[in-house]
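[1] what's the 3D shape of this:
(one chain, ligands or ions: 2)
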Amino acid sequence: MMNPFRPTAGATPPELIGREGMLDEFEYGLQLGSGAPGLLTIITGARGIGKTALLSAAQGAAARHGWVVVPETATPGFVGRIGETMRLHLDELGSGPTGRRITALGVAGFTVTTQLPPERQVDWRRLGNQLLNVLAEKKTGLLFTVDEIHSADRAELSQLAADVQHFIRDGLPIGLIFAGLPAAVSDLLNEGVATFLRRAERIDLHAAAIAEVERSYASTFREAGISIGSDLVRYAAEATGGYPFLIQLIGYQLWRQAEINNMALEKTNIDQAINAATRRHEATVIEAALSTTSDKDKDFLRAMAEDDGPVVAGDIGKRLNAKSNVVANYRARLIAAGLIEAPAYGKVDFAIPGLREYLRKTNA
Ligand SMILES: Nc1ncnc2c1ncn2[C@@H]1O[C@H](COP(=O)(O)OP(=O)(O)OP(=O)(O)O)[C@@H](O)[C@H]1O
Ligand SMILES: [Mg+2]
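    Numbering: from 1, shown residues only. Ligands and ions are numbered 1, 2, ... in the order given. Presented below is the predicted three-dimensional model:
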């Protein structure tokens with residue numbers, strides 16, 4: 001059996017741990033076909049928490065219901081690319097008059113510009129309308145998913161939102177799921193780029209329960225004939241903190257250790273696996289996240305790292321000798337960036353596991 005763990009951003013994990021029921025509302029919407037709240041969903045969460053993985057699960061569910069799925073990432077020109085993909089689907093589906101008409105109109109070439117010029121926008125919406133009508137007749141629908149919404153061009157996004165809103169008004173079977181850092185979403189909703197998105201279903205992702213990770217590890221290793229004591233499974237599960245990326249990283253390293261150790265895992269193997277996984281996590285997640293912060297943000301984070309757990313935001317202000325409005329500013333920005341979270345009123349804690357330890361180590 002091959003190593004089943006997938007410690008790569010965007011990779012589909014062997015098991016989606018701790019996400020049961022999260023897509024229920026969305027799947028219910030797929031049955032209703034149009035206008036259901038779950039068909040408009042926003043997934044938010046810190047880096048590596050599993051947004052893209054959940055998005056993939058939603059795409060899978062839609063495809064199982066016979067829906068056409070158009071997956072995109074919000075890099076420049078994404079609305080145009082959605083248009084291109086819709087055209088391809090329409091060509092595929094409608095060998096009849098619809099397809100020919102689209103070709104005759106010469107709708108190709110959406111991807112050339114970032115923001116579509118007005119005439120292209122008209123084409124885009126007409127194309128969407130036609131595809132949706134074909135799909136509605138087939139009792140299926142069309143799902144757009146847009147990942148990494150934090151990098152979206154506002155003008156493009158508001159155009160997409162306006163078009164989707166039209167489709168919804170016309171009772172067409174359209175679904176739209178966004179995924180991004182909490183930052184993006186709170187900004188987007190506040191800026192009024194797409195006010196109707198405020199009514200979207202929200203899925204805020206957090207770490208999975210340790211017990212769930214433990215159960216998953218235990219069954220994966222058992223099925224593979226890898227021997228590991230139950231206390232050691234627990235130990236490894238705890239080291240993940242329930243954080244999806246670490247679940248994959250540690251699982252992957254454990255598997256490798258088992259391969260070179262006659263399919264048996266001892267405490268030393270587990271420690272080695274955890275160390276290797278931690279190094280990788282620091283290099284890929286933590287350093288990337290910190291690279292987007294200012295020196296002042298880092299001061300705030302370092303002041304937080306003096307505590308072992310959640311800390312009252314006001315105390316950080318005292319440590320930094322900063323006024324409460326200044327503290328509130330940093331707090332809001334770092335929460336939005338997905339680096340910290342507010343576990344209880346007035347308190348803050350790190351949203352990325354290992355960030356505290358990393359800041360302490362590199363404090364020099
Ligand atoms: N529920 C889960 N259970 C176990 N592993 C998961 C789960 N969700 C995601 N993963 C794994 O965790 C890692 C990160 O997942 P993913 O790329 O979906 O996170 P993300 O939130 O999109 O991160 P980013 O903010 O960097 O885009 C991947 O290796 C993925 O396979
Ligand atoms: Mg992602």
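
[2] Now do the same contact list for the residue of the stretch 101-250 of the chain found nearest ligand 2.
    Nearest residue of the stretch 101-250 of the chain to ligand 2 (CB to the ion) works out as D147 at 5.8 Å. (Glycine included, C-beta is placed from N, CA and C.) Going by CB atoms under 8 Å, 6 or more residues apart in numbering, D147 touches 51-52, 55, 71-74, 178-180.

[3] is it fair to say D349 lies in a strand?
    Yes - assessed by DSSP: H, G, I helix; E, B strand; the rest coil, D349 belongs to a strand.

[4] For ligand 1, see how far away the residue nearest to it when sequence neighbours are not counted is.
    Using CB to CB, 6 or more residues apart in numbering and skipping residues adjacent in sequence, the residue nearest D349 is P310, 4.1 Å away. Computed as CB to the nearest ligand atom, to the nearest Å, the P310 to ligand 1 distance reads 22 Å.

[5] tally of neighbours for P310?
    Neighbours of P310 under the rule other CB atoms under 10 Å: 17.

[6] ditto for R319
    Using other CB under 10 Å, R319 has 17 other residues around it.

[7] Go ahead and confirm it touches A303.
    Yes - here R319 reaches A303: they are 4.3 Å apart, a contact under CB atoms under 8 Å.

[8] Looking at the residue of the stretch 101-250 of the chain closest to ligand 2 now. What's its pLDDT?
    At D147, the model reports a pLDDT of 96.

[9] Got the phi and psi for it?
    phi -90, psi 160 (degrees, to the nearest 10).

[10] hey, what's it bridged with?
    In this entry, D147 is beta-bridged to T73, by DSSP bridges.

[11] Quick check: the gap between it and ligand 1.
    7 Å.

[12] quick one: that residue and F178, what's the gap?
    8 Å (CB to CB, to the nearest Å).

[13] Throw the contacts of D147 into TSV and include distance to ligand 2, pLDDT and neighbour count, thanks.
    Shown next, in TSV, are those (distance: CB to the ion, whole Å; pLDDT from 0 to 100; neighbours: other CB atoms under 10 Å):
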residue	distance to ligand 2	pLDDT	neighbour count
K51	5	96	25
T52	3	97	20
L55	8	97	21
P71	12	97	18
E72	13	97	18
T73	9	96	16
A74	11	94	22
F178	12	95	29
A179	7	96	28
G180	9	92	23
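
[14] Tell me which of those fall in helices.
    Using DSSP state H, 51-52, 55 are the members of the contacts of D147 that sit in helices.
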